[in-house]
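> coords please:
(one chain, ligands or ions: 1)
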Amino acid sequence: MARDKIALIGSGQIGGTLAHLIGLKELGDVVMFDIAEGVPQGKALDIAQSSPVDGFDAHYTGANSYEALDNAKVCIVTAGVPRKPGMSRDDLLSINLKVMEQVGAGIKKYAPDAFVICITNPLDAMVWALQKASGLPHKKVVGMAGVLDSARFRYFLADEFNVSVEDVTAFVLGGHGDTMVPLVKYSTVAGIPLPDLVKMGWTSQARLDEIVDRTRNGGAEIVNLLKTGSAFYAPAASAIAMAESYLRDKKRVLPCAAYLNGEYSVKDMYVGVPVVIGAKGVERVVEIELAGKDREAFDKSVGAVQGLVDACKKIAPDLL
Ligand code: APR
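Next up, the predicted model:
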């Protein structure tokens, strides 16, 4: 059986890590694309040269032209610029929106059957724009945010309880970053919900609140430490989990920025919700009942995403 082709659009920090993980997991052949000349070619060659040492078979190429995407089964998009000091959120939005328009056109032309995972920030708005620009079906275009946010939450909880990360599950909803909504009652250690663990004396409500807060600011914490960039290992690992579920038809239930058309009372927007990812793409949106504070927090998060989408519509009215 021929290997699947996975195109990485953007070959920066996350793109390079994605390429390496795809090889280590033998998910397919890799095409690295970037506007920077030499960078995708250099990274592709470097990773390919690690394959005899690690014992994996994958073909790596680097490219600066969209033709290289031809027939890709999966496209993972990290192209764009990071927010720099002095740049407003709106500046970032308009620059990366233009990038999504170019990338969307490239995918539309060369890889219209691909499953597309967007990582570029501001995520919930960029995945919306990428779907519009590419014209691909909504269920084939998703955003990576929830897997990362919930991984951060799971890691902090496992550390707090001194248990394996494997036995901690987390449930997060909403937009990426500071408006994300961790649902503590659906987050568990070996099936025991967090509120029960508080009652059992494993931790206090105050500690739990601190952990939720740290999770929400997980990206900023790393930016402050790195100073010259943002997180890339965990974002790449998260997108790989999504790609793997699609390629291997695993039907994993993963929190992703998915297109909502009435679910959770949201229309024509991408918001973080749990979805089933299988060979058809997003095969199902898991819709749970939300009430009280959780509903309020979710609505607030949706409002923040709506603000970003409105800003996109103003900058690029042709996208509609
Ligand atoms: N087309 C293709 N590639 C582009 C374009 C474009 N129009 N514009 C920029 N790029 C490339 C850059 O040359 C760079 O190699 O995108 C790459 C981005 O890589 P990094 O700056 O290293 O950023 P990274 O850490 O990988 O994050 C990528 O994901 O989490 C988000 O906020 C993060 O939006 C950022 C994205």
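> within the helices and strands, which one has the closest residue to A125 other than its chain neighbours?
Nearest residue to A125, sequence neighbours excluded (C-beta to C-beta, 6 or more residues apart in numbering): L308, at 3.7 Å. Any C-beta I mention is one placed from the backbone N, CA and C, and that applies to glycine too. Following DSSP states H and E, one finds L308 within helix 292-315.
> what does the stretch 151-300 of the chain put close to the ligand?
Within the stretch 151-300 of the chain, the residues that sit near the ligand (C-beta under 6 Å from any ligand atom) are G229, S230, F232, P235.
> give me the subset of those lying in strands.
If you go by DSSP state E, these have nothing in strands.
> who wins on neighbours among those?
Of all these, the highest neighbour tally under other C-beta atoms under 10 Å goes to P235, namely 25 neighbours.
> any idea how far that one lies from K313?
Applying C-beta to C-beta, to the nearest Å, the value for P235 to K313 is 27 Å.
> give me the distance between stretch 45-59 and the centre of its chain.
Centroid separation for stretch 45-59 versus its chain: 25 Å, with C-alpha atoms, centre = their mean, to the nearest Å.
> same thing with stretch 224-244?
9 Å.
> and that stretch, what's buried?
A231, F232, A234, P235, A236, S238, A239, I240, A241, M242, A243, E244 (16 or more other C-beta atoms under 10 Å).
> now do the second one against V74, distance only.
I take that to be F232. Distance, F232 to V74, by C-beta to C-beta: 19 Å.
> what's the burial count for D54?
Neighbourhood size, D54 [other C-beta under 10 Å]: 10.
> just checking, it touches H20?
No. Taking contacts as C-beta atoms under 8 Å, D54 lies outside contact range of H20: 9.3 Å.
> residue in the protein nearest to the ligand?
In the chain, the residue that lies nearest the ligand is G12 (1.8 Å; C-beta to the nearest ligand atom).
> give me phi/psi at that residue?
With angles defined as degrees, to the nearest 10, G12 sits at phi -80, psi -140.
> now it: closest residue in space that isn't a chain neighbour?
T78 (6.3 Å).
> what residues does the stretch 1-150 of the chain put near the ligand?
Contact residues (C-beta under 6 Å from any ligand atom) of the stretch 1-150 of the chain with the ligand: 10-15, 34-36, 39, 78-82, 99, 102, 119-121.
> of the residues you listed, grab the buried ones for ChimeraX.
Per 16+ other C-beta under 10 Å, the buried members of these correspond to this ChimeraX selection:
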select :10,11,12,13,14,15,34,39,78,79,80,99,119,120,121
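> identify the residues contacting the residue nearest to G12.
When contacts are counted by C-beta atoms under 8 Å, 6 or more residues apart in numbering, T78 is found next to L8, I9, G10, G12, I14, G15, L18, I119, T120.
> S187 too?
Here S187 is in contact with F153, L157, V168, T169, A170, F171, P193, L194 (criterion: C-beta under 8 Å, 6+ apart).
> returning to what we had before: what's the closest of the contacts of T78 to A145?
I119 (8.4 Å; C-beta to C-beta).
> one step back: I'd like the contacts of T78 as a markdown table, with pLDDT appended.
Formatted as a markdown table, these follow (pLDDT from 0 to 100):
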| residue | pLDDT |
| --- | --- |
| L8 | 98 |
| I9 | 98 |
| G10 | 98 |
| G12 | 98 |
| I14 | 98 |
| G15 | 98 |
| L18 | 98 |
| I119 | 97 |
| T120 | 96 |
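> ok, then the element right after the lengthiest strand in the chain?
Longest strand of the chain, by residue count under DSSP E: strand 267-278. Remark: after strand 267-278, the chain's next helix or strand is strand 281-285, criterion DSSP H and E.
> mind listing the helices for the stretch 101-250 of the chain?
Using DSSP state H, counting those that start in this stretch, the helices of the stretch 101-250 of the chain run over residues 123-134, 146-161, 194-199, 205-216, 218-226, 233-247.
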